[in-house]
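Chemist: need a 3D model of the following:
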Amino acid sequence: MTISHDTAAPTAPAEESLRDRKARLTRRAIHVATVNQVHAHGLDQATIAQIAAEAGVSTRTFFNYFASKEDAIVGIADRLLDDEQIGDFLVGPVDGAGLASEVARLLHTAFLLTFNDDEVASARRRIFAQHPELLGRQFEKNRQLESQVAEVVATRIRQHDIEFDTAESPEAIADMIVLVCSAPLRAAARRLAERDDSGADTGDDPELFDRSVQLFLDVMKGPTA
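Modeler: Numbering: from 1, shown residues only. Reported below is the predicted structural model:
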């Protein structure tokens, strides 16, 4: 089974630049080609040259995006946030709800590539089942990306002199904020996985994520009197 590189591709972030869009699509093409080749030929037999040829890139370009086949299967590059995304986040609102919403959306942007259409997701799960060691690599990549987001959140806390009722450092506070604000992303991902298991079409669903963010904010307010 060969998966199309452009079928049900993840929705692009709002106001995405041409450069960012090209990079995102190239990264996704390499990710999907890697899943295709490893699913068809096995992890050991699939070569970088075969993957690059299917993705329509050079082997040099492959290594510009991913350090290995294993990383390309996971689909998360070493760094996904660019200077423009970071700059936009740093000038955002300073109120609690605004910060929580913006952190959740920054995480969604950073993890956007991991939302796949149903065929990519199914093949990727089968590869993970055959090579459970990849789950550890995925966990580590997820943690690295969360750390990148936490660094940006800590910078925003310092720049805006945002105060919390704790003596913990901005870095510790930022780590906790990222963990808490990942809830909408996890909830949306779980709903998408349930759709896939039921045979329904899946892929990134911006409306579903928006509803998850709103539910998260509503729950954070606490119960009504």
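Chemist: okay, CA-based contacts and neighbour counts for the rest of this
Modeler: Fine.
Chemist: what about Arg190, how many residues nearby?
Modeler: When neighbours are defined as other Cα atoms under 10 Å, Arg190 has 12 of them.
Chemist: chain center to the longest helix seen in the chain, what's the gap?
Modeler: Ordering each helix of the chain by length in residues (DSSP state H) puts helix 133-159 first. Here helix 133-159 shows a centroid-to-chain-centroid distance of 11 Å under the convention Cα atoms, centre = their mean, to the nearest Å.
Chemist: what is it packed up against?
Modeler: Under the contact definition 3 or more Cα pairs under 8 Å, 6 or more residues apart in numbering; DSSP states H and E, helix 133-159 sits against helix 69-74, helix 83-90, helix 96-110, helix 170-181.
Chemist: what mean pLDDT does the shortest one get?
Modeler: The average pLDDT for helix 69-74 rounds to 91.
Chemist: what's that helix packed up against?
Modeler: Here helix 69-74 touches helix 18-41, helix 133-159, going by 3+ Cα pairs under 8 Å, 6+ apart.
Chemist: got the contact list for it?
Modeler: Here helix 69-74 makes contact (Cα atoms under 8 Å, 6 or more residues apart in numbering) with 30-32, 34-35, 43, 48, 66, 77, 114, 124, 134, 137-138.
Chemist: repeat the analysis, applying 10 Å as the threshold.
Modeler: Helix 69-74 is contacted by residues 27-28, 30-38, 43-44, 46-48, 51, 62-63, 65-66, 75, 77-78, 113-114, 124, 127-128, 131, 133-135, 137-139, 141-142 when judged by Cα atoms under 10 Å, 6 or more residues apart in numbering.
Chemist: so which of the helices and strands packed on helix 69-74 is the most surrounded?
Modeler: Across the helices and strands packed on helix 69-74, averaging neighbours per residue (mean count of other Cα atoms under 10 Å) puts helix 18-41 on top, at a mean of 20.
Chemist: between that one and helix 83-90, how big is the angle?
Modeler: 110 degrees (axes from the mean of the first three to the mean of the last three Cα atoms, to 10 degrees).
Chemist: quick one: list the elements packing against helix 18-41.
Modeler: helix 48-55, helix 59-65, helix 69-74, helix 118-130 (3 or more Cα pairs under 10 Å, 6 or more residues apart in numbering; DSSP states H and E).
Chemist: please identify the buried residues of the second one?
Modeler: Spelled out, that is helix 59-65. Neighbour counts over helix 59-65 (16 or more other Cα atoms under 10 Å) mark 62, 65 as buried.
Chemist: what's the spacing between it and its chain's center?
Modeler: Once both centres are worked out by Cα atoms, centre = their mean, helix 59-65 turns out to sit 20 Å from its chain's centre.
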